[in-house]
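**Q** sequence first, predicted coordinates after that:
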Amino acid sequence: EALRPLRLQGVIKSIVHIGNDLRVLSSFQKYPWEESGGHTPLAEDLRRNLRLKNRIGAWNISGAVYGTHRQVRVYQSIIKKKMRHLGRVKFIGSNTVALAGLLANLIEKLSAGKGLLVKIRSLEKVFGLLNGRPTEAFMYGALWRTSAHKEIGSLDPLENMAGLLWISPILPSTGEAAMELMDTVNPIFYKYSFEPLVTVSFITERAMVSVMSICYNKENPEETRNARDCYAQLFETLIKTGFVPYRSSIHSMHALDQDSQVFWDITREIKQVLDPGGIIAPGRYQPKYHKNTF
């Protein structure tokens, strides 16, 4: 609710990301297997302790302010005034990131403060992304549920046997819609013993998209089955409650066929003309005839 007027007024022009605590934690660490005693999903008291330990909020906002030095100073003043009732408001510029980088280099030489080092390197990559430099930093989040004994030597999910399913519903940019969305999905995540790793992003002044991740260990057959069942129930429930995903995979394409026969008749005719042999992306444009298999 506080961000929407700032987007409408043009104070914030970048995409604004609102990530829950689990999304932030997963960006620099794996699931706390030792602290949790190997139990899943993450207990609420441990989740709260991890927030306090890492000094993050239940929800965390990131974005960028662009303009001349004078414009940026004005925008920062407005944002602080409008957002300070929600929590700490911090602005990080190139000088701060450079100083943090020097600290990270020192930590590496001393072989100490691994947790802080990971956070600083993550900050550097996020800052670079907001300045137009691509990064692989966010791949770390896919490794959230990798087994306790596996050392992370690569961010490649395949090398770490990390499973990831994600679903991305669209919603109005209101607090009421965001709360309704979370009230809808939280019980489903916990039913299948997963934590809701959630980001909600402003894509326009009036619309948001949420990306929700189901992270699982592909070496665990039961967890793999639960992940698929969780995804299927989430997709079906979100469609029924009006939170339609903005993207879909062939595994859930069939669920988009909600008696809209005219639309799918047209796609079938176009498909038949362009791809009569059914070679290109089989099932993707005719969900009715695609089996729901992973």
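**A** Ah, there it is. Numbers count the residues shown, from 1 in each chain.
**Q** all helices of this protein, in order?
**A** Across the chain, reading from the start of the chain, the helices by DSSP state H fall at 3-8, 21-25, 33-36, 44-54, 69-83, 94-110, 114-130, 175-191, 221-240, 261-274.
**Q** buried residues, the longest one. List them.
**A** Residues of helix 221-240 classed as buried: 223, 226, 227, 228, 230, 231, 232, 233, 234, 235, 238, 239 (neighbour count, 16 or more other Cβ atoms under 10 Å). Backbone N, C-alpha and C define where each C-beta goes, glycine included.
**Q** the fourth one is in contact with residue 165, isn't it?
**A** Think residue 228. Yes - with contacts defined as Cβ atoms under 8 Å, residue 228 counts as touching residue 165 at a distance of 7.4 Å.
**Q** let's have the buried residues of helix 221-240 in TSV, adding pLDDT and distance to residue 85.
**A** TSV is the format used below for the buried residues of helix 221-240 (pLDDT from 0 to 100; distance: Cβ to Cβ, whole Å):
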residue	pLDDT	distance to residue 85
223	97	40
226	97	39
227	97	38
228	95	42
230	97	35
231	95	37
232	93	40
233	95	36
234	96	32
235	94	36
238	95	31
239	91	35
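**Q** helix or strand with the lowest mean pLDDT in this protein?
**A** Ranking every helix and strand in the chain by mean pLDDT, DSSP states H and E puts helix 114-130 at the bottom, with a mean of 77.
**Q** show residues contacting that helix.
**A** Contact with helix 114-130 is made by 14, 27-29, 54, 62, 64, 92, 94, 97, 100-101, 103-104, 107-108, 135-137, 140, as judged by Cβ atoms under 8 Å, 6 or more residues apart in numbering.
**Q** one more: stretch 3-10?
**A** 12, 16, 18, 61, 78-79, 82-83, 173-174, 202, 204-206.
**Q** tell me which residues of it are tucked away?
**A** Within stretch 3-10, the residues that count as buried by 16+ other Cβ under 10 Å are 3, 4, 6, 7.
**Q** export the least confident helix or strand of the chain as CSV, just CAs?
**A** What follows is the C-alpha trace of helix 114-130 in CSV, where atoms were taken according to Å, rounded to 0.1, in the frame of the first residue of the first chain:
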residue,chain,number,x,y,z
LYS,A,114,32.1,-16.9,6.0
GLY,A,115,28.4,-15.9,6.6
LEU,A,116,29.3,-12.2,6.3
LEU,A,117,31.4,-12.9,3.2
VAL,A,118,28.5,-14.6,1.4
LYS,A,119,26.2,-11.7,2.2
ILE,A,120,28.6,-9.1,0.9
ARG,A,121,29.3,-11.0,-2.3
SER,A,122,25.5,-11.3,-2.8
LEU,A,123,25.1,-7.6,-2.2
GLU,A,124,27.7,-6.9,-4.9
LYS,A,125,25.9,-9.0,-7.4
VAL,A,126,22.5,-7.6,-6.6
PHE,A,127,23.9,-4.0,-6.9
GLY,A,128,25.5,-5.0,-10.2
LEU,A,129,22.2,-6.4,-11.5
LEU,A,130,20.4,-3.1,-10.7
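**Q** and the two most separated of the buried residues of stretch 3-10?
**A** 4 and 6 (7.2 Å; Cβ to Cβ).
**Q** counting neighbours, what do you get for the residue lying closest to residue 214 once chain neighbours are set aside?
**A** For residue 214, ignoring the flanking residues on the chain, the nearest one in space by Cβ to Cβ, 6 or more residues apart in numbering is residue 165 at 4.4 Å. Using other Cβ atoms under 10 Å, residue 165 has 21 other residues around it.
**Q** so how far is residue 277 from residue 165?
**A** From residue 165 over to residue 277 the distance is 30 Å, taken as Cβ to Cβ, to the nearest Å.
**Q** and residue 30, by the same measure?
**A** From residue 30 over to residue 277 the distance is 45 Å, taken as Cβ to Cβ.
**Q** those two: which is more packed in?
**A** Looking at residue 30 and residue 277 with other Cβ under 10 Å, you find the greater number of neighbours at residue 30, namely 19 against 7.
**Q** so that one makes contact with residue 144?
**A** Yes - between residue 30 and residue 144 there is a contact at 6.2 Å, judged by Cβ under 8 Å.
**Q** please name the residues that touch the residue lying closest to residue 56 once chain neighbours are set aside.
**A** Nearest residue to residue 56 in three dimensions, chain neighbours excluded: residue 24, at 5.1 Å (Cβ to Cβ, 6+ apart). Under the criterion of Cβ under 8 Å, 6+ apart, the contact list for residue 24 reads 54, 56, 60.
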